[in-house]
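Trainee: The following comprises the amino acid sequence and a computationally predicted model.
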Protein chains: 2
Amino acid sequence: MNRTDSAETAADLAAEAALLEIAEELGLSDLLDRAEPFTLRQATDLAAVPAPGAAAYLGALVSAGLVEQAAQDGPYTPVADLADRRYRAGYLSWALNANRPYIDHAALFLRDPETAGEKYARDGRKVAVSSRWIGSRGFYPGVIQEITSGAPRRVVDLGAGAGGLLIRLLRDLPDSTGLALDLSAAACDEALRAARRAGVADRLDVVHRSIESIAEDPAPVRGADVVHAGFVLHDVVARPDVLDAVLRACRESLAEGGRMIVTDAVPYVPDPRERAFSALFSYLHASSMEVNLPPTEVWHEAFRRAGFTDVSSTPLRMPGSRVFQAAG
Amino acid sequence: MNRTDSAETAADLAAEAALLEIAEELGLSDLLDRAEPFTLRQATDLAAVPAPGAAAYLGALVSAGLVEQAAQDGPYTPVADLADRRYRAGYLSWALNANRPYIDHAALFLRDPETAGEKYARDGRKVAVSSRWIGSRGFYPGVIQEITSGAPRRVVDLGAGAGGLLIRLLRDLPDSTGLALDLSAAACDEALRAARRAGVADRLDVVHRSIESIAEDPAPVRGADVVHAGFVLHDVVARPDVLDAVLRACRESLAEGGRMIVTDAVPYVPDPRERAFSALFSYLHASSMEVNLPPTEVWHEAFRRAGFTDVSSTPLRMPGSRVFQAAG
């Protein structure tokens, strides 16, 4: 019986997500992602757990079909489609793990969102991990294709987090430079370290600032061929004057022929492929994060008000997500 | 695009599970299960949240396709297959919500299971709710069919919890009586209340005792046509002498022609339909609950040692679950 024909797809997906979350907790995700054989000893050392425990866990992965083991006591090899399975697990982890406080206190978030928001915050690490898993197939490939299609020499990422997108881009574009801007000092430090590890530190500037500050001082975006902002500008949309000022500053700073690329989610998409996840994403942002996602038209109008031309948007694979493009 | 053809099945299932968990947290599960139209006012009253918040949540359910609304401001009707969707969501909730402490502290459970077990317990309500959702399609129908096939006049449920299975049986079998035995006083109280609400209290005895105590004093099982035990005897298997004594006491107490029926999970089933969930279920029980699930043969041998005949087992829909039957 193949996976999609099985009546127990939900049980399969739930089990895989839980087992992959346990791998993450044990520090074994990198080992699984490498798609190369590894030994019990490697897993035991990485997880820092007794060998019988690591063997029991790896045995469960073999039994579940996430890892293969040709001979007893032999090495373990992640299955060929592990990356697809991690992508699928990302939706479960984001919905049911990263958003746990919003689910468990759903009533309080509707009665008194301010108090609820102060008392019950999400775990930033769980949000980052599950978003990366979704992004691996859900939006990074589409965004990277969009950005690299113009062979940009300088790329700026607003709200770059730990710099993952830029580092990957700079590896693909060996003559380009980048700038990662983020409000979190910890994320900026991590971006610097990751850039050094990836050997692109000499081509990446890291700037610890808010996106809003671009309106006052657009130095970070100056001369960019592409300015990208992924899932961050929706936080600014509630203040249209700030959004307009940021977009205008970006446009005026772009190099000749430069483009602005925004990856974000639009609210309550009715398409059958997108409706369920889009509804959850939209509801949680509105009820628990004080973010009313702007619809496609609102983004298009904002770009045009800021003087952009050739504004377009394309669906990405993650239900509800869109990549907006605008010429400077 | 139909659901199973969609590449985003994981996103759909994750969103539905999170939205149904929010309904549970808001106290709206009963309203959704009735499969009848309900009003915003009913939802607002039940959830005790402001009407705009309730309307936003119900709007998300409509947008996600879990509830229908023919006219704006009109009543809401749960979709016809809501029970199927709740069943599927059960796997996600059990794996990623009920077992959360075992996932988040997976390394500690392998390093020092005793300390981990003392510090990080599961939330009993989350376990009960997600197990009921799985059971609704995953094992209750098969177990009920098995029990009622012999038209039993007296049914005893060992580890009956809040009595859900027995109350449903007594409704279907108006001339039968039952006995619910459980170690939890709170569960026994809830079973009494539920039996009164269902109008079967005059036919249900509730006994607050351990299953192990049956070996010393088999009064609760005396004269039963069926003694059932669902997902509880695996806790006793680590003490084979106790298991044997309990099974023997049951056999000796059965009415003429009586049967013992055990619903439980067997470990690490290799069948493609079952392997992933069975692996998670088996691993979590072994690593975090000190339960090494006995394989089918071990159950069969235990029944035979206790003098049972005609021992058989049948897979139920929940991956890894089996219903064992033995004649007294």
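Mentor: Structure's in. What do you need? Bear in mind that the values here come from a model prediction, so they are computed numbers and not experimental data.

Trainee: I'd assumed A:Gly161 was in a helix, is it?
Mentor: No. Secondary structure of A:Gly161 (DSSP: H, G, I helix; E, B strand; the rest coil): coil, not part of a helix.

Trainee: Next, give phi and psi for the residue nearest to A:Ala245 when sequence neighbours are not counted.
Mentor: Leaving aside its sequence neighbours, A:Ala245 sits nearest to A:Ala215 (C-beta to C-beta, 6 or more residues apart in numbering or on different chains; 3.6 Å). From N, CA and C alone the C-beta is placed, and that goes for glycine too. Phi and psi for A:Ala215, reported as degrees, to the nearest 10, are phi -60, psi -40.

Trainee: Next, count neighbours for A:Ala215.
Mentor: By the criterion of other C-beta atoms under 10 Å in any protein chain shown, A:Ala215 has 19 neighbours.

Trainee: Please look at it and A:Cys250 and confirm they touch.
Mentor: No. Counting by C-beta atoms under 8 Å, A:Ala215 does not reach A:Cys250; the two are 9.4 Å apart.

Trainee: what ranges do the strands span in the stretch 201-328 of chain A?
Mentor: A:204-208, A:226-230, A:259-265, A:309-315, A:321-327 (DSSP state E, counting those that start in this stretch).

Trainee: mind listing what's buried in stretch A:281-301?
Mentor: Buried residues in stretch A:281-301, counting neighbours by 16 or more other C-beta atoms under 10 Å in any protein chain shown, are found at A:281-289, A:291, A:293-294, A:298-300.

Trainee: Need the max-distance pair from the residues you listed.
Mentor: Across these, the longest distance by C-beta to C-beta is 27.1 Å; it joins A:Ser288 and A:His300.

Trainee: quick one, the helix or strand encompassing A:Ala186 and strand A:204-208 angle?
Mentor: Element membership for A:Ala186, per DSSP states H and E: helix A:185-197. Computed by axes from the mean of the first three to the mean of the last three C-alpha atoms, to 10 degrees, the angle separating helix A:185-197 from strand A:204-208 equals 170 degrees.

Trainee: Now do helix A:185-197: which elements does it pack against?
Mentor: Applying 3 or more C-beta pairs under 8 Å, 6 or more residues apart in numbering or on different chains; DSSP states H and E, we find helix A:185-197 packed against helix A:164-172, strand A:177-182, strand A:204-208.

Trainee: Which of these sits closest to chain B?
Mentor: With C-beta to the nearest C-beta as the criterion, chain B lies closest to helix A:164-172 of the helices and strands packed on helix A:185-197, at 21.2 Å.

Trainee: ok so, going back, and the strands of the stretch 201-328 of chain A as TSV, adding distance to B:Leu20?
Mentor: TSV is the format used below for these (distance: least, C-beta to C-beta, whole Å):
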stretch	distance to B:Leu20
strand A:204-208	41
strand A:226-230	29
strand A:259-265	21
strand A:309-315	26
strand A:321-327	23
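
Trainee: Pipe these into TSV and attach mean neighbour count, distance to chain B and mean pLDDT per row.
Mentor: Below are these laid out as TSV (neighbours: other C-beta atoms under 10 Å in any protein chain shown; distance: least, C-beta to the nearest C-beta, whole Å; pLDDT from 0 to 100):
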stretch	mean neighbour count	distance to chain B	mean pLDDT
strand A:204-208	19	30	97
strand A:226-230	26	18	97
strand A:259-265	23	12	97
strand A:309-315	14	11	96
strand A:321-327	22	11	97
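
Trainee: so which of those strands gets nearest A:Tyr102?
Mentor: Proximity of these to A:Tyr102 was assessed by C-beta to C-beta; the nearest stretch is strand A:259-265, lying at 15.8 Å.

Trainee: what pairs with that closest one, and is each one parallel or antiparallel?
Mentor: Paired strands of strand A:259-265, with direction, are strand A:226-230 (parallel), strand A:321-327 (antiparallel) (DSSP bridges).

Trainee: roughly how far apart are A:Gly142 and chain B?
Mentor: Distance, A:Gly142 to chain B, by C-beta to the nearest C-beta, to the nearest Å: 14 Å.

Trainee: Next, the contact list for that residue, please.
Mentor: Counting by C-beta atoms under 8 Å, 6 or more residues apart in numbering or on different chains, A:Gly142 makes contact with A:314, A:316-317, A:323.

Trainee: out of the residues you listed, who's nearest A:Gly65?
Mentor: Once C-beta to C-beta is applied, the member of the contacts of A:Gly142 that ends up nearest A:Gly65 is A:Arg317, at 23.7 Å.

Trainee: on that earlier part again, contact partners of the helix holding A:Ala186?
Mentor: In contact with helix A:185-197 (C-beta under 8 Å, 6+ apart) are residues A:160-164, A:166-167, A:170, A:180, A:182, A:201, A:204, A:206-208.

Trainee: Give me the buried entries from those.
Mentor: A:160-164, A:166-167, A:170, A:180, A:182, A:201, A:204, A:206-207.

Trainee: Low-confidence regions, chain A specifically.
Mentor: For chain A, the stretches flagged by pLDDT under 70 are A:1-7.

Trainee: Spell out which parts of the stretch 201-328 of chain A neighbour chain B.
Mentor: A:268, A:270, A:272-284, A:286-287, A:317-319 (C-beta under 8 Å from any C-beta of the partner chain).

Trainee: Can you tell me which of those residues end up in helices?
Mentor: Judged by DSSP state H, the subset of these located in helices is A:275-284, A:286-287.

Trainee: Pick out the most distant pair among the residues you listed.
Mentor: In those, the most distant members under the criterion C-beta to C-beta are A:Arg275 and A:Ser287, with 17.7 Å between them.

Trainee: doesn't A:Asp225 make contact with A:Leu254?
Mentor: Yes. The pair A:Leu254 / A:Asp225 is scored as a contact, 7.4 Å apart, by C-beta under 8 Å.

Trainee: Please say which of the two ends up with more neighbours.
Mentor: A:Leu254 (24 against 20).
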